Each structure stands twice: as structure tokens, then as C-alpha cells.
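Asks: Next one to model:
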Amino acid sequence: MCAIVGIYGNQDASKLASAALFAMQHRGHEATGISSGHSNDEDSKKIFTVKGRGFVRDVFDEEAFKILKGDMAIGHNRYSTAGDDSIFDAQPIQAKYKLGEISIVHNGNLINKDEVRNRLISEGSIFQTGMDTENLIHLIAKSSKDRLRDRIVKSVKKLKGAYNFIIQSRSKLFVLRDPHGIRPLSIGKLKSGGWIIASETCCFDLVDATFVRDVKPGEMLIFSDETPEPESIMLDDTQEFRPCAFEYIYFARPDSIIDGKSVYATREAMGRALAKKDQDMLDADMVIPVPDSGVPSALGYSKQSGIPFELGIIRNHYVGRTFIEPTQAMRNMKVKMKLSPMKSLIEGKKLVVIDDSIVRGTTSKRIVKMLKDAGAKEVHFRVASPEIKFPCYYGIDTPTKEELINAVKTKDEVCKYIEADTLEYLSIDDLRDAIGRDRNYSLVSFDGDYFVK
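Replies: Alright, predicted model coming up:
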């Protein structure tokens, strides 16, 4: 899920990278980091790195920016799908090798990480972290090619899975997106000069950047002083474009445009589709969202059904996203801290509650109980995505089928478990209609189509 950003050709590179990471804090808050350097100063061919656990606002201050010099920078917000919850597994990963220094940030998950890692260890590599990202560092370092670009090309061909990499050398930025384009990555032009590459476009307004285009699946971009525009090299354009549907359902911020489509509009369309399924079948007093990712879908449901929309649950925005907490105990505690019912509004009412998804079911159960304890007469739970029945190995932290409640229980059993009066999901066909049928989106969590093996 992580957020990554790259800035090239701007003297405020590290500060702009920090601002972009702040805008993408929702993609991970376990740790954050920035590497920076000078693209055109022959006397200062050095990479500087600052990283720490926690939120962007806690790690980057004036002292950090005194260290992070230069006109290029890369940054990362961590959401762990591989590795441990420790500062050693925070990114960027910086290393020295034969051609100098490099630093790497990565969003995605390499499905052949263990195979590659074990082979590298057998050949003498010594790993410092538990992250799959470090595989690329060692592959680049062991390559016999004379140029870094050639080492990168040779190395990524050995990797499988979902990946976006931004690699900073002592004078250039290299940007890579996997051949299926599973995770989003966009390019913008900074009005103050230079370029930005980021996981989501929601950060472009904050740093005063204009969207240029999305990085193409299978493309490598090279930002350098040698050309005014980034050099584009297609490493693999033979694979089907399979962007992740979960970006539209949950991951991305509503104001982002992901691969040309508004996240807000697609979520609203999901809500409308849910309401059409309930048409003339459900008598309710109000529609309330589970904030924040359920809000656009709840608005769509309300508009389609004519049932009034209300903010019946208030969110404490100083608490992070519960889904991305590393343990179930932490998720349970965060639910209590994060969400509070509007008792005076919902008491005695029949509620339609809209959430983006049900993964493990524990959060949904607590929400229903919270609403009924506050006096709700009925709670009809509606989910703006299909039933999650399969673990995703492309960057979502659901590693085993046993953790997914819809994989081990029927819909009626899930409804009984979360203690809702009724429960309905969006169908896969309705999801395809809401996002658009112009692409074959990755729906692996719903249909088990593991297209990268």
C-alpha cells in the first residue's frame, strides 16, 4: 500500500517530498523517510537520508531539512506487507556499491522475494533488513554491467509481482512501474521548477504541481540533467494492464485521480449500485457512512435511494487507519478510539450503514454493536465491494485465507457474526460497472485470479 514520491530539479526537493508524503499519509504510518542529493554538483556526489518511525509530521523538522540537502529527493511512507515493524525496515534503503551510492523506495510486493533472497544469500549477499525491496539493491550491486541503468534493467527482469520503484543515484532518478501497472504512479510538473513522481495525484495541489501523465506499465523513466524531459524506456509492454481495484475501494484518497479515473466518482457509483439492489426492499430512516472511506459510497446510496444522508458516526482524525495496524489487538483498540456514534441522531432509527469492505469482520462487528448500544433500532450493513475471499499477494496485508471472514463463512453467517439486521455486498459485476469496463482490473481479492505467478 505504501506511498512513494520523487522530486527532481528543485532546490526545495526534500521539503516538497515531505509535503507530498504528508498528503499521502493515509497509505501508511508505521515509518517514513527521505533521501536527497545534488543532481549537478560534482563536488557533492553524496546521498543524505533521514527516516524514523511514525508520522511525517513527527520525523521531518528543520533539523532534518538541514541534513536533506540538494535538488532531488525520494520519500516513502511505510505500510508493512513484507519485513518487520522496525526502523531497520523503514525506507528509503541506501547503500554503497561499485558505481557509488544509491537509495531506493518501493511500493508493492514481490511475490518471488523469498526465492530471489535465498539465491542471493547463497551467493554471499548479507541482508540488513527483512524487506523485499533490499533484493533489488543486491541485484544491482552484483550486476557486472558498466552503467546503472543497465544494471537496473537486468535486475528488475528477475522480479515478479506488483512494484513501483524510485531509485536515486548520485545524479539521477530512475522510476519503474511493473508490466501490469498494478499500483498507481503519476508524474507532475512543479510550477516552482522540476518534476514530481508520486503514488497519488492528491499531493500535487499541495506542492503546486500540474499533472502530466501516469507512468506506463512496464516503463522506466530516467530524470537527469542530460535531457529537459525524462527519458522513457519501455522494458515490457507485452502484459495486460491490470490496475488494482482496491485503490478505488479503499486505498486512495477520494480526491486522487488514479489512472485517469476519479476515486470519488467511482466510490459514489459503488454506492448507487448498492442502493439499486435495495430498491423498494428496504425501509430505513437514514444512510450513514463509516468514515472516511465509506463517505462517497454512502452519498451515492443516499442520492439513488432518496434516504437522507447523515453523519451518524464521527471520526477522531488523530487516530490512523485501523486496517493498516500490524496486529489485531491494535486494530481493536484503534476502532474504539477512532469512531464515536451520534446518539441523539441515531437513537430509535433504522440505519443503512455503508462501509468500503469487510476483511476480518472484527471492525464491522464493533461498529454494529456501537450503533445498537447507542440506541439504533435496526442496522442494515452495506458493503461497497464484493466479498473478500482470497488473500492478495500484490501489496494488501491479508496473508492467509483463514483471516478473511468471507472465505470461511457464508454471507448469512457473517451477518450473524457482526450482529447486523441485514447484510449485502456489491457484486463483482456491479464493481466492474462502477469502476468501468474499459480495463481488466485486478480483482484478485474477490475472484482469486492470480495473474502474476
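Asks: What is the neighbour count of the closest residue to Arg170 other than its chain neighbours?
Replies: Nearest non-adjacent residue to Arg170, counting by CB to CB, 6 or more residues apart in numbering: Lys45, 4.1 Å away. C-beta coordinates here come from the backbone N, C-alpha and C atoms, glycine included. Lys45 has 14 neighbours, counted by other CB atoms under 10 Å.
Asks: pretty sure Lys372 contacts Asp421?
Replies: No: here Lys372 lies out of contact with Asp421, judged by CB atoms under 8 Å, at a distance of 9.5 Å.
Asks: who touches both of those two?
Replies: Common neighbours of Lys372 and Asp421, using CB atoms under 8 Å, 6 or more residues apart in numbering, are Val379.
Asks: Low-confidence regions, the chain specifically.
Replies: In the predicted model of the chain, residues 41-44, 80-87, 318-336, 397-399 satisfy pLDDT under 70.
Asks: Please point out which parts of the lengthiest helix in it sit buried.
Replies: As assigned by DSSP state H, the longest helix anywhere in the chain is helix 263-278. Neighbour-count burial for helix 263-278 flags 263-275, 278 (criterion: 16 or more other CB atoms under 10 Å).
Asks: which residue ranges form the strands in the stretch 351-453 of the chain?
Replies: 378-383, 422-425 (DSSP state E, counting those that start in this stretch).
Asks: Report all helices and strands that the longest one contacts.
Replies: Helices and strands touching strand 378-383, as assessed by 3 or more CB pairs under 8 Å, 6 or more residues apart in numbering; DSSP states H and E, comprise helix 263-278, strand 350-355, helix 362-373, strand 422-425.
Asks: Quick one: these as TSV, columns for distance to Thr201 too.
Replies: Formatted as TSV, the helices and strands packed on strand 378-383 follow (distance: least, CB to CB, whole Å):
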stretch	distance to Thr201
helix 263-278	9
strand 350-355	25
helix 362-373	28
strand 422-425	29
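Asks: ok, back up a step: measure the residue nearest to Arg170 to Ser171 for me?
Replies: Separation of Lys45 from Ser171 (CB to CB, to the nearest Å) stands at 7 Å.
Asks: Please apply the same query to Asp373.
Replies: Using CB to CB, Asp373 is found at 60 Å from Ser171.
Asks: that older thread, any chance of the strands of the stretch 351-453 of the chain in a markdown table with distance to Ile74 and mean neighbour count as columns?
Replies: Putting the strands of the stretch 351-453 of the chain into a markdown table (distance: least, CB to CB, whole Å; neighbours: other CB atoms under 10 Å) gives the following:
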| stretch | distance to Ile74 | mean neighbour count |
| --- | --- | --- |
| strand 378-383 | 36 | 23 |
| strand 422-425 | 39 | 19 |
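Asks: need those in JSON lines with distance to Glu240, can you?
Replies: Formatted as JSON lines, the strands of the stretch 351-453 of the chain follow (distance: least, CB to CB, whole Å):
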{"stretch": "strand 378-383", "distance to Glu240": "28"}
{"stretch": "strand 422-425", "distance to Glu240": "26"}
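Asks: can you pull the contacts of Glu200?
Replies: Residues in contact with Glu200 (CB under 8 Å, 6+ apart) are Ala3, Ala23, Met24, Arg27, Pro184, Ser186, Ala252, Arg253, Ser256, Ile258.
Asks: repeat that with 10 Å
Replies: Residues near Glu200 by CB atoms under 10 Å, 6 or more residues apart in numbering: 3-5, 20, 23-24, 26-27, 184-186, 247, 251-253, 255-258, 263.
Asks: Of those, which belong to helices?
Replies: In helices, defined here by DSSP H, the members of these are Ala20, Ala23, Val263.
Asks: Check whether the second one really touches Ala198, as I assumed.
Replies: So the one you mean is Ala23. Yes: with contact defined as CB atoms under 10 Å, Ala23 and Ala198 form a contacting pair (8.5 Å).
Asks: So the two - more neighbours on which side?
Replies: More neighbours surround Ala198 than the other of Ala23 and Ala198, with 29 against 24 (other CB under 10 Å).
Asks: and that one, bridged to which residues?
Replies: Beta bridges link Ala198 to Val5, Ser186 when assigned by DSSP bridges.
Asks: Relative to Ser186, how far out is it?
Replies: 6 Å.
Asks: Spell out which residues are contacts of both of the two.
Replies: Residues touching both Ala198 and Ser186 by CB under 10 Å, 6+ apart: Phe204, Ala209, Ser256.
Asks: Just the buried ones from these, in ChimeraX syntax?
Replies: A single ChimeraX command selects the buried members of these (16+ other CB under 10 Å):
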select :204,209,256
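Asks: Take the shared contacts of Ala198 and Ser186 and keep only those in strands.
Replies: Within these, residues falling in strands by DSSP state E are Ala209.
Asks: residues near Leu282, how many?
Replies: Leu282, neighbours per other CB under 10 Å, totals 17.
Asks: Can you give me every residue that contacts it?
Replies: When contacts are taken as CB under 10 Å, 6+ apart, Leu282 is in contact with Ala275, Ser305, Ile307, Lys350, Val352, Glu378, His380, Arg382, Thr422, Glu424.
Asks: quick one: strands adjacent to whichever strand in the chain runs longest?
Replies: Longest strand in the chain, counting residues (DSSP E): strand 100-110. If you go by DSSP bridges, strand 100-110 pairs up with strand 93-97 (antiparallel), strand 161-168 (antiparallel).
Asks: right, and these - which one's nearest Asn40?
Replies: Comparison of these against Asn40 by CB to CB identifies strand 161-168 as nearest, at 14.0 Å.
Asks: Packing partners of whichever helix or strand comes after that closest one?
Replies: Beyond strand 161-168 in the direction of the C-terminus, DSSP states H and E gives the next helix or strand as strand 173-177. Using 3 or more CB pairs under 10 Å, 6 or more residues apart in numbering; DSSP states H and E, the elements in contact with strand 173-177 are strand 3-8, strand 72-78, strand 100-110, helix 148-156, strand 161-168, strand 195-198, strand 219-223, strand 231-234.
Asks: re earlier: now the common contact residues for Lys45 and Ser171.
Replies: Both Lys45 and Ser171 are contacted by Gly37, His38, Ser39, Gly100, under the criterion CB under 10 Å, 6+ apart.
Asks: now those residues: which count as buried?
Replies: Gly37, His38, Ser39.
Asks: Make TSV from the residues you listed and add secondary structure to it.
Replies: Below are those laid out as TSV (DSSP: H, G, I helix; E, B strand; the rest coil):
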residue	secondary structure
Gly37	strand
His38	coil
Ser39	coil
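Asks: of all these, which comes closest to Gly436?
Replies: The closest of these to Gly436 turns out to be Ser39 (CB to CB; 38.6 Å).
Asks: Would you confirm that the closest one contacts Trp195?
Replies: No: assessed by CB under 10 Å, Ser39 is found out of contact with Trp195, at 11.1 Å.
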